[in-house]
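> Predicted model and sequence follow; I will ask about them next.
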Amino acid sequence: MPGYGDSPPTEMVVTAQGRVAFLDHLLQGLGMRRPVLISPSMSGRFALPFLLLQGDQLAGFVPIAPVGTKEYTAEQYQRVQTPTLILYGDHDTGLAPQALHHLQHLPEHRVVIVPGAGHACYLDKPEDFHRALLGFLRQLK
């Protein structure tokens, strides 16, 4: 993501609208139609505004304790019709409960808590993470 890790910052992603445009451009450039957007941690700054503004372009959404959930209202979340799998590790006592508090307003969601895993549950318990993810993907239309 621009501005994270070794990626240079870009003016485009300073605003939520810019991040939506960036992600839309990326998905179009990859030729993806109705992808499932998986959003761990910092990627929430890109994924959440995209979900709220263009969630109908997604087949599914998988937030993994994403940042930025408190920037949106319950009413905004309630308008989203994208099937969502909220995933987090039970040892993530910081960001995960805050994210769940907000994301639980998404009408088409289910929650999977990965036992024995921390914030990066996909790294701590990859088998459990993949089992939950594949189960969710099988249910999508």
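Arrived safely, thanks for sending. Numbers count the residues shown, from 1 in each chain.

> can you give me the end-to-end distance of stretch 25-45?
Here the two ends of stretch 25-45 are set 16 Å apart, with distance taken as CA to CA, to the nearest Å.

> Same check on stretch 27-40?
Across stretch 27-40, the straight-line distance between its terminal residues is 17 Å, by CA to CA.

> which outside residues touch it?
Residues lying outside stretch 27-40 but in contact with it, judged by CB atoms under 8 Å, 6 or more residues apart in numbering, are 46-48, 50-51, 57-66, 120, 122, 133, 137, 140. Backbone N, C-alpha and C define where each C-beta goes, glycine included.

> Can you flag the buried ones in these?
Listed as buried from the contacts of stretch 27-40 are 46-48, 50-51, 57-58, 60-66, 122, 133; burial here means 16 or more other CB atoms under 10 Å.

> hang on, the earlier thing: show me the contacts of stretch 27-40 that map onto helices.
With helices taken from DSSP state H, the overlap with the contacts of stretch 27-40 comprises 46-48, 50-51, 122, 133, 137.
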